[in-house]
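K.L.:
Quick check, what structure comes out for this input:
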Amino acid sequence: TLFIARDRLGIKPLYYHTNKNGLIFSSTLNSMINLYEKKIDEDSILFYLFAGYIPSPKTIWKNFYKLEPGHYITIKNNNIKIKKYWDITVNESNKINSKNINTHFEKIKETIINSSTIQSRSDANVGVFLSGGIDSSIITKLYAENSNKKFNTYTLDFEGKKNNEIDNVRSLIKDDKNINNIYEILSLSKNKEVLEKIFKIFDEPNSDSASIPSFLLSKSSKDNNDKVVLNGCGGDELFGGYDRYYIKKKFYLGNIFNKLKLILGIKKNIFDAYDNLLNYEIKLCNPTIRFVTNTSGINLGFLRRILGKELFIRGCNLVEQKFSIYDQNLKINGSSFAGMITDIKFYLPDNLLYVADQTSMENSIEMRVPLLDHRIINLIFKTPQKLFFGKNFKDSKKTLKNIFSSLLNQRIIKSKKSGFNAPSNEWVKNDPKYFQSEILNLKKSNLNNYLNFYEIEKILSSEKKINKYSHEIYSLFCLKKWFDFHV
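P.N.:
This next block holds a predicted model:
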């Protein structure tokens with residue numbers, strides 16, 4: 001019997017392909033794709049346009065798949081079987097209440113500390129990616145307490161980005177002589193060169209601009225001889241760090257606005273209002289599509305224009321079916337746990353961890369994620385939600401902040417979320433001609449079968465629309481650059 005398994009949370013990738021001759025598998029898609037005839041999967045293009053990444057088990061290539069997290073493959077007597085061995089279980093304990101909740105939170109804290117200690121073990125030098133946010137600050141301070149030796153932290157800011165967090169970093173490390181910070185600012189002139197390198201190594205298209213800091217910080221780690229790096233990935237997904245986990249009351253009015261479906265019949269020559277109305281109408285009426293596109297930031301009106309009615313509806317149906325776990329959990333467990341579970345199953349492994357793995361491995365760096373321990377997840381989903389979450393997004397990650405309040409200063413605890421992303425929207429606005437020429441070259445590819453280039457050209461010829469759809473334009477640009485290297 002041959003046994004092949006992927007870790008519970010998808011920290012490392014595992015791809016496979018089956019045919020009449022058997023099965024081939026690898027930790028990279030590029031290493032095996034050229035052994036066979038390759039063909040773009042049409043559904044995967046639609047998933048990318050809606051979500052910004054391709055959810056498991058699909059890949060960009062037809063008949064090539066990702067083994068989903070928490071699954072294994074067995075091959076015995078020429079029979080191939082795929083089974084699930086682990087899943088998230090929501091089991092809010094009625095034994096946990098306001099009187100003993102602190103004991104439960106202490107267990108979560110102890111497990112995070114234990115995971116950090118285990119993940120810090122290495123014969124090679126260990127560094128930490130330090131953004132200045134809650135998660136990476138906790139990992140940094142825990143490692144400092146555990147190592148008792150000088151180590152490097154790595155911080156990257158971008159020219160033109162608002163809310164850079166270097167002041168948070170300096171406030172965290174100022175009294176600890178063992179923490180050395182290596183700080184870099186990326187200029188606008190250098191980002192094109194970096195993007196070329198990233199899309200060349202990526203197995204699949206991905207529009208997350210966090211790939212840029214992840215790649216550059218990994219390279220900096222390599223240059224400074226740190227072979228192992230810790231980061232705070234997973235803190236938002238495990239402790240409720242996104243706005244989308246706190247549903248706004250207006251979305252509960254969705255059924256009242258069903259009549260807005262008439263918008264779909266409005267003629268195309270009525271403008272930007274059409275895009276906005278369509279975007280909000282679908283989000284009001286469909287919680288799953290709302291959640292996925294709120295995560296990706298894609299305007300549905302924009303997609304309706306560039307895809308046409310038939311492909312747009314097909315894309316909506318694909319998203320609704322694939323991410324149906326969100327709607328199922330929304331009805332049973334509420335919006336916060338529903339969002340966290342959906343992100344842990346898809347956004348985390350197929351987007352965040354995918355980017356971290358691709359960019360770190362290219363630089364021969366071993367990336368470790370102490371917060372992504374299944375023991376922590378099991379404890380979190382036993383916690384009564386009313387005791388775990390703050391009242392709204394302003395009080396997000398309440399539990400994580402409280403249990404590590406003695407480790408962090410108030411500046412970091414009270415700071416607004418900045419994110420790990422590059423200012424890609426500003427890049428589009430500042431250099432529209434570059435993005436126009438790149439995207440319009442897609443007409444030479446087989447994406448002509450999917451995209452309405454008449455509508456795309458109209459958008460790209462208007463400064464107002466470029467500014468409005470800079471995020472969507474960047475997503476198309478990422479798809480084009482990936483196609484340049486791989487199709």
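K.L.:
Neighbours of Pro69, how many?
P.N.:
By other Cβ atoms under 10 Å, the residues close to Pro69 number 25. Where C-beta positions appear, they are placed from N, C-alpha and C, glycine not excepted.
K.L.:
okay but it is in contact with Asp7, surely?
P.N.:
Yes. Under the criterion of Cβ atoms under 8 Å, Pro69 makes contact with Asp7 at 6.6 Å.
K.L.:
the strands in the stretch 51-200 of the chain, which residues?
P.N.:
Here the stretch 51-200 of the chain has its strands, by DSSP state E, counting those that start in this stretch, at 65-66, 71-76, 79-84, 126-129, 151-158, 179-186.
K.L.:
Quick one, which of the ones you listed gets closest to Ser221.
P.N.:
For Ser221, the closest of the strands of the stretch 51-200 of the chain is strand 126-129, at 5.2 Å, according to Cβ to Cβ.
K.L.:
winner for burial among the strands of the stretch 51-200 of the chain?
P.N.:
Among the strands of the stretch 51-200 of the chain, strand 126-129 has the highest mean neighbour count (mean count of other Cβ atoms under 10 Å), at a mean of 26.
K.L.:
Can you list the strands that that strand pairs with?
P.N.:
With DSSP bridges as the test, strand 126-129 is paired with strand 151-158 (parallel), strand 228-230 (parallel).
K.L.:
centre of the chain versus the last one, how much separation?
P.N.:
Put plainly, it is strand 228-230. A distance of 19 Å separates the centroid of the chain from that of strand 228-230, by Cα atoms, centre = their mean, to the nearest Å.
K.L.:
Counting neighbours, what do you get for the residue lying closest to Asn178 once chain neighbours are set aside?
P.N.:
Excluding the flanking residues, the one nearest Asn178 by Cβ to Cβ, 6 or more residues apart in numbering is Lys150, at 4.7 Å. If you count neighbours by other Cβ under 10 Å, Lys150 ends up with 11.
K.L.:
pretty sure Lys150 is touching Asn181, no?
P.N.:
No. At 11.5 Å, Lys150 does not count as touching Asn181 under the criterion of Cβ under 8 Å.
K.L.:
what bits of this protein have low per-residue confidence?
P.N.:
For the chain, applying pLDDT under 70 flags the ranges 160-164, 248-281, 283-284, 418-419.
K.L.:
Report back the residue of it that's furthest from centre.
P.N.:
Of all residues in the chain, Asn77 sits farthest from the chain's C-alpha centroid, using Cα atoms, centre = their mean; the distance is 38.5 Å.
K.L.:
quick one, phi/psi of that one?
P.N.:
phi 50, psi 40 (degrees, to the nearest 10).
K.L.:
Look up how far Ser147 lies from it.
P.N.:
To Ser147, Asn77 is 50 Å away according to Cβ to Cβ, to the nearest Å.
K.L.:
Among the strands paired with strand 126-129, which comes closest to Asn91?
P.N.:
Nearest to Asn91, of all these, is strand 228-230, at 29.5 Å by Cβ to Cβ.
K.L.:
so what does the very next helix or strand once past that closest one touch, helix or strand wise?
P.N.:
As assigned by DSSP states H and E, the chain's next helix or strand after strand 228-230 is helix 235-239. Secondary-structure packing of helix 235-239 (3 or more Cβ pairs under 8 Å, 6 or more residues apart in numbering; DSSP states H and E): helix 134-147, helix 374-380, helix 398-403.
K.L.:
Which neighbouring elements make contact with the longest one?
P.N.:
With contacts defined as 3+ Cβ pairs under 8 Å, 6+ apart, the packing partners of helix 134-147 are helix 101-119, strand 126-129, strand 151-158, helix 166-173, helix 235-239, helix 398-403, helix 410-414.
K.L.:
Quick one: those as JSON lines, columns for distance to Ser324 too.
P.N.:
Listed next are the helices and strands packed on helix 134-147 as JSON lines, based on distance: least, Cβ to Cβ, whole Å:
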{"stretch": "helix 101-119", "distance to Ser324": "29"}
{"stretch": "strand 126-129", "distance to Ser324": "34"}
{"stretch": "strand 151-158", "distance to Ser324": "37"}
{"stretch": "helix 166-173", "distance to Ser324": "38"}
{"stretch": "helix 235-239", "distance to Ser324": "19"}
{"stretch": "helix 398-403", "distance to Ser324": "28"}
{"stretch": "helix 410-414", "distance to Ser324": "36"}
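K.L.:
so how far is stretch 208-221 from its chain's centroid?
P.N.:
Relative to the centre of its chain, stretch 208-221 is centred 14 Å away, using Cα atoms, centre = their mean.
K.L.:
Sorry, slip of the keys, the one I care about is stretch 186-194.
P.N.:
A distance of 22 Å separates the centroid of the chain from that of stretch 186-194, by Cα atoms, centre = their mean.
K.L.:
Go through the helices and strands packed on helix 235-239 and pick out the most buried.
P.N.:
With neighbours defined as mean count of other Cβ under 10 Å, the helices and strands packed on helix 235-239 peak in mean count at helix 134-147, which reaches a mean of 22.
K.L.:
re earlier: of the helices and strands packed on helix 134-147, which is nearest Thr18?
P.N.:
helix 235-239 (30.9 Å).
K.L.:
Just the CA coordinates for that closest one, please, in CSV.
P.N.:
C-alpha atoms of helix 235-239 as CSV (Å, rounded to 0.1, in the frame of the first residue of the first chain):
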residue,chain,number,x,y,z
GLY,A,235,-3.7,34.7,13.5
ASP,A,236,-6.5,36.6,11.7
GLU,A,237,-8.2,33.3,10.6
LEU,A,238,-8.0,31.7,14.0
PHE,A,239,-8.9,34.7,16.2
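K.L.:
what comes into contact with that helix?
P.N.:
For helix 235-239, the surrounding residues in contact (Cβ atoms under 8 Å, 6 or more residues apart in numbering) are 133-135, 138, 241-242, 340, 343-344, 347-348, 371-372, 376-377, 380, 396-397, 399-400.
K.L.:
Next: stretch 347-364.
P.N.:
Residues outside stretch 347-364 that contact it (Cβ under 8 Å, 6+ apart): 9-13, 51-56, 66, 69, 198, 201-204, 206, 208, 210-211, 214-215, 218-219, 221-222, 227, 229, 231, 233-234, 237, 295, 366-367, 369, 372.
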